[in-house]
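# Sequence and predicted structure below; questions after.
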Amino acid sequence: MTGPVMWPRKLPASVLNDPRRKAEVRVYRALEAGLGPKWTVFYSRPWLGETATGAEIDGECDFVVAHPELGVLCIEVKGGGITYDPEADQHHSIDRDGLRHKIKNPVEQARRSKHELLRKAQAERGWPSVFVRFRHAVIFPDIPSVPQHLGADSPRDLFATRPDLTAIEAWIKQRLSGGTEQPLGAPGIRVLENLLARPFQLHAPLALSAADDDEAIHELTPQQFHILTAFQEIRRVAVSGGAGTGKTVLACEDARRQAVVGRRTLITCGSPQLAQHIRASLMDTDVDVATFPELARRLGEEAGLLAHGQTPAANKTPELVFDSLSKRPDLAYDAVIVDEAQDFSPSTLVAVEALAGKPGATLHAYFDSNQRLFGDLITQLDSYTFAPIRLARNLRNTRNIHDATQHFYYGPPLIADGPQGAEVRWIEIDEPSVASKAVEEVRRLITTERVSPQDIALLVVSDPDAALVTTALRHHIETGLTISSITDFKGLERRFVVLMATRALSDSPEFAYVALSRARVHLSIIGVAPVLQWLRS
């Protein structure tokens with residue numbers, strides 16, 4: 001390297017193309033070409049100082065030129081012609097068109113920058129404890145000469161003009177000559193670089209942008225409530241929609257409205273985790289919330305058909321409901337709301353219909369038309385003369401997450417109304433490393449991205465997969481992290497979802513659809529290349 005260290009290394013186009021910066025660009029070029037490798041040049045260094053009363057004052061030094069042995073020179077640059085009116089105490093510059101522009105006193109600007117930057121440098125660790133040479137100067141690059149002193153604080157040798165630019169190093173050395181100050185040394189140069197050209201990177205945690213996206217999503221969800229008003233007088237309704245259309249939110253609001261008018265109301269589903277979520281959402285109401293097996297056991301006990309604590313066989317629960325209602329008709333409900341109805345077998349749906357057997361009772365079923373564990377539910381519901389309602393707007397997911405789910409969606413078209421959101425994070429890994437990488441991703445979200453463990457769900461295909469990560473993440477589980485199988489997480493959601501996309505996932509497109517659609521604002525998918533390729537295509 002034969003020239004000085006320049007900060008910045010190259011002038012940006014915004015400076016090069018700015019006609020007001022032509023004088024500074026000329027000086028930058030002269031310093032770059034005329035100084036040797038021991039020099040360091042800082043261009044356009046702003047500073048923030050204080051007045052004697054503590055008020056803030058800001059300024060800028062056009063150039064700070066430093067040499068480890070000679071010292072530091074703070075330079076102010078003024079282009080065009082220069083005039084000073086002592087009566088008005090006002091400086092002006094005159095441009096090439098003859099127009100006058102008010103300017104600050106260039107000598108005072110250079111002097112103030114010198115004192116402020118020296119004070120800041122002295123406060124930095126590593127600055128020499130001795131007196132170092134710290135001086136100021138002014139360059140008029142469009143003026144041929146300054147023939148005389150310009151004032152008591154403005155001796156002739158304080159200024160450089162156009163001819164001096166061709167021998168800029170000699171002029172700077174002259175300005176830094178004389179005196180008994182000590183050298184800066186390499187440590188002093190490092191302090192200046194740290195003060196005037198410190199690189200930094202301020203990370204914007206994903207949790208903050210995710211919170212903004214989530215707020216936008218929460219504002220969208222209640223917009224579906226007008227649908228409830230439209231069918232509130234219809235006794236039998238089947239509400240269908242893809243993931244994210246707000247079925248569970250609507251089901252809860254539906255149940256709340258039924259209970260408010262004094263109707264004995266039940267909301268039932270297949271998943272214990274979903275039932276727990278709904279129970280928390282409706283804890284301030286009189287709505288009964290239970291999975292169908294829980295409900296069958298409770299009805300059996302109340303009808304005297306089961307001993308307390310006795311658990312009926314899974315294939316006997318519909319029959320138990322029928323028998324309980326036969327013995328105790330008063331156990332029926334005025335309103336029955338079914339969430340995730342696609343998970344109910346045909347015989348279970350018949351029993352659910354019996355639960356709404358009171359005269360004038362309501363039965364509203366909410367289901368995902370893309371999930372068909374027991375075949376086409378719409379066809380089954382036709383025999384009950386349900387009025388069909390279709391939800392066509394995805395109000396839960398960001399658009400990026402919505403797009404990722406569409407490879408596995410086969411229902412009517414959905415419109416994504418959410419914000420764009422962060423890109424889906426696809427992490428390709430070897431099969432044996434999926435679990436360890438999932439642990440690493442969860443920890444990254446919590447530590448680096450500042451995400452609360454309560455906002456994260458780690459989804460796995462099978463219980464053995466869950467066992468691989470539970471021990472490593474036990475502390476975060478205790479503070480709210482959810483680790484769940486995809487099956488158990490149906491109907492639920494989290495702001496952040498980390499999916500362990502093991503090879504077993506590719507055996508079930510329906511599982512893939514459920515897993516990809518659980519995240520509201522951020523989705524991380526970890527898996528081997530073939531599985532990731534299948535998920536993306």
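Perfect, I can see it now.
# Double-check Glu493 against Ala519; I have them as touching.
Yes. Assessed by C-beta atoms under 8 Å, Glu493 is found in contact with Ala519 at 7.3 Å. (Each C-beta comes from the backbone N, C-alpha and C, glycine too.)
# Tell me which of the two has more neighbours.
Ala519 (31 against 19; other C-beta atoms under 10 Å).
# Next, the contact list for the more buried one, please.
Counting by C-beta atoms under 8 Å, 6 or more residues apart in numbering, Ala519 touches 397, 401, 457, 493-497.
# Likewise for Glu428?
527-529, 532.
# isn't there a helix covering Ala238?
No. Per DSSP: H, G, I helix; E, B strand; the rest coil, Ala238 lies outside any helix segment and is strand.
# That one: how many residues sit nearby?
24.
# for Phe322, same thing?
Neighbours of Phe322 under the rule other C-beta under 10 Å: 17.
# same check, this time on Pro205
Using other C-beta under 10 Å, the number of residues around Pro205 comes to 14.
# pretty sure it contacts Ser452?
No. Applying C-beta under 8 Å, one finds Pro205 not in contact with Ser452, separated by 11.2 Å.
# For the contacts of Glu428, give me a markdown table that also has pLDDT, secondary structure and distance to His277.
Below are those laid out as a markdown table (pLDDT from 0 to 100; DSSP: H, G, I helix; E, B strand; the rest coil; distance: C-beta to C-beta, whole Å):
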| residue | pLDDT | secondary structure | distance to His277 |
| --- | --- | --- | --- |
| Gly527 | 94 | strand | 27 |
| Val528 | 92 | coil | 32 |
| Ala529 | 93 | helix | 35 |
| Leu532 | 94 | helix | 29 |
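# Who wins on neighbours among the residues you listed?
Busiest of the contacts of Glu428 [other C-beta under 10 Å] is Gly527, holding 25 neighbours.
# tell me the contacts of that one?
Gly527 sits next to 427-429, 434, 499-502, 505, 535 when contact means C-beta under 8 Å, 6+ apart.
# sorry, back to before: quickly check the contacts of Glu428 for the two that are furthest apart.
Gly527 and Ala529 (8.0 Å; C-beta to C-beta).
# if we can go back for a sec, just curious, which of the contacts of Glu428 is nearest to Gly421?
Leu532 (19.5 Å).
# quick one: that closest one from Ala504, how far?
Noted for Leu532: a distance of 14 Å to Ala504, by C-beta to C-beta, to the nearest Å.
# one step back: please pick the buried ones from the contacts of Gly527.
427, 429, 434, 499-502, 505, 535 (16 or more other C-beta atoms under 10 Å).
# From the contact counts, what lies against the lengthiest helix in the chain?
Among the segments of the chain that qualify as a helix by DSSP state H, the longest is helix 106-122. When contacts are defined as 3 or more C-beta pairs under 8 Å, 6 or more residues apart in numbering; DSSP states H and E, helix 106-122 packs onto strand 40-50, strand 56-67, strand 71-77, strand 134-140, helix 185-196.
# tell me the angle of the second one relative to helix 106-122?
Read that as strand 56-67. 80 degrees (axes from the mean of the first three to the mean of the last three C-alpha atoms, to 10 degrees).
# what lines up beside strand 56-67 in the sheet?
Neighbouring strands of strand 56-67 in its sheet, by DSSP bridges, are strand 40-50 (antiparallel), strand 71-77 (antiparallel).
# in this protein, what secondary structure element scores lowest on mean pLDDT?
helix 377-382 (a mean of 56; mean pLDDT, DSSP states H and E).
# Just the CA trace of the next helix or strand along the chain from that helix, in CSV.
Once the chain leaves helix 377-382, the next helix or strand it forms, by DSSP states H and E, is strand 387-391. Extracted C-alpha coordinates of strand 387-391, given in CSV (Å, rounded to 0.1, in the frame of the first residue of the first chain):
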residue,chain,number,x,y,z
ALA,A,387,-76.1,-25.2,5.6
PRO,A,388,-72.7,-24.8,4.1
ILE,A,389,-70.5,-21.8,4.9
ARG,A,390,-67.1,-21.5,3.3
LEU,A,391,-64.3,-19.3,4.7
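# how far does strand 387-391 sit from the chain's center?
Taking C-alpha atoms, centre = their mean, to the nearest Å, one finds the center of strand 387-391 at 35 Å from the center of the full chain.
# List the contacts of the following helix or strand past it.
Per DSSP H and E, strand 387-391 leads on to strand 393-394 as the next helix or strand towards the C-terminus. Contact partners of strand 393-394, identified using C-beta under 8 Å, 6+ apart, comprise 223-224, 242-245, 402, 414-418.
# again, only this time at 7 Å
242, 244-245, 402, 414-418 (C-beta atoms under 7 Å, 6 or more residues apart in numbering).
# and those residues, which of them are in strands?
415-416 (DSSP state E).
# could you list every residue that touches Lys247?
Counting by C-beta under 7 Å, 6+ apart, Lys247 makes contact with 239, 241, 339, 366, 391.
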